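A.B. asks: could you work out the structure for the sequence below:
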Amino acid sequence: MIRVENLKKSFDGKNVLHDISFTVEEGEVVCVIGASGSGKSTMLRCLNYLEQKDSGTIEISGSVIEGRRAETELRQKVGMVFQHFHLFPHKTVLENVIEAPVHVLGRKKDEAVAEAMVLLEKVGMKEKADDYPASLSGGQQQRAAIARALAMKPDVMLFDEPTSALDPELVGEVLETMKQLAAEGMTMMIVTHEMNFAREVSDRMMLLHEGRIVEDRPSKELFSSPREEATKAFLRRVLGSTAAE
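C.D. replies: Residues are numbered from 1 along each chain as shown. Next comes the predicted model:
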């Protein structure tokens, strides 16, 4: 579903991604972990063409992503959920969800509304369809943002630390929604700092360190027997001093 070969990206002459290569199979859930500044979010943003790669190949759902036309096609194959919700404040939850299907895909409004209500029910937001973002909690806004991304019927969902801007008591409701998507077979790449969630949901975990993939292994193996010192050090920091010994 995703194939990346020799992806490189720099900012102001500083290399941020060094020759990144990996694949993600259909229905696979891959969690991307690593310290702040390791290139995780940049990698995800390159996959969605929000950042222009310097070189390398990105293929999504059988299409190589190059040029403006490919970028437009990509938007219909890849949904992305960010740290912050980016909902239109002047539109209701329902209006936010149907915006792209109607104006980008050309769907009839009544069809888009019917499909949107199904998605809002899936993420537990059906009763909030007519509410405006300002009246919602952060967790509710993020679940509405997930429904909005799903409304484009993407082949792949990308999540860039979707719970990092939430109060701790609101994290669980968003993670439960993502667990449901994983159980339904959605192909997902998730940049996250929620280690318990990553261990439970992901098929594989990928650790980035200084712009390089230093480990890419089944999740249970990475947690139980990390091979690289960078992985061991990261797990010790996030799980405690006895982790990964």
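A.B. asks: the lengthiest helix in the chain - what's its average pLDDT?
C.D. replies: The longest helix of the chain (DSSP state H) is helix 168-183. Helix 168-183 comes out with an average pLDDT of 93.
A.B. asks: what's the answer for stretch 86-101, then?
C.D. replies: For stretch 86-101, mean pLDDT rounds to 96.
A.B. asks: what does that stretch rub up against?
C.D. replies: Stretch 86-101 has contacts (Cβ atoms under 8 Å, 6 or more residues apart in numbering) with 107, 109, 112-113, 115-117, 119-120, 125, 128-134, 136, 141, 144-145, 147-148, 151-152. Where C-beta positions appear, they are placed from N, C-alpha and C, glycine not excepted.
A.B. asks: again with stretch 61-80
C.D. replies: Residues contacting stretch 61-80 (Cβ under 8 Å, 6+ apart): 1, 44, 47-50, 57-60, 104-105, 149-150, 152-160.
A.B. asks: could you do stretch 22-30 as well?
C.D. replies: 1-4, 156, 182, 185-190, 201-206, 213, 216.
A.B. asks: Thr187 touches Met157, doesn't it?
C.D. replies: Yes. In this structure Thr187 lies within contact range of Met157 using Cβ atoms under 8 Å: 7.1 Å.
A.B. asks: please pull out the lowest mean pLDDT helix or strand from this structure.
C.D. replies: Within the chain, judged by mean pLDDT, DSSP states H and E, the helix or strand with the poorest mean is helix 67-75; its value is a mean of 69.
A.B. asks: so for the helix or strand following that one, mean pLDDT?
C.D. replies: Per DSSP states H and E, the first helix or strand lying C-terminal to helix 67-75 is strand 78-81. Mean pLDDT, computed over strand 78-81, is 93.
A.B. asks: list the buried ones in whichever helix or strand comes after strand 78-81?
C.D. replies: Using DSSP H and E, the helix or strand that follows strand 78-81 in sequence is helix 93-103. Buried residues in helix 93-103, counted by 16 or more other Cβ atoms under 10 Å: 93-102.
A.B. asks: returning to what we had before: from the contacts of stretch 86-101, which ones fall inside helices?
C.D. replies: 109, 112-113, 115-117, 119-120, 141, 144-145, 147-148.
A.B. asks: tell me which two of those residues sit farthest apart.
C.D. replies: Spanning the widest gap among the ones in helices among the contacts of stretch 86-101 are Lys109 and Gln141, at 23.1 Å by Cβ to Cβ.
A.B. asks: does the most centrally placed residue in the chain count as helix, strand or coil?
C.D. replies: The C-alpha lying nearest the average C-alpha coordinate of the chain belongs to Phe159 (Cα atoms, centre = their mean; 1.5 Å). Using DSSP: H, G, I helix; E, B strand; the rest coil, the secondary structure recorded for Phe159 is strand.
A.B. asks: leaving out sequence neighbours, find the closest residue to it.
C.D. replies: Nearest residue to Phe159, sequence neighbours excluded (Cβ to Cβ, 6 or more residues apart in numbering): Ile190, at 4.4 Å.
A.B. asks: doesn't the one you found belong to a strand?
C.D. replies: Yes. Applying three-state DSSP, one finds Ile190 inside a strand.
A.B. asks: give me the low-pLDDT residue ranges for this protein?
C.D. replies: Scanning the chain with the threshold set as pLDDT under 70 gives 67-71, 241-245.
A.B. asks: ok, Gly185 - how many residues close by?
C.D. replies: 11 (other Cβ atoms under 10 Å).
A.B. asks: what does Gly62 give?
C.D. replies: By other Cβ under 10 Å, 9 other residues sit near Gly62.
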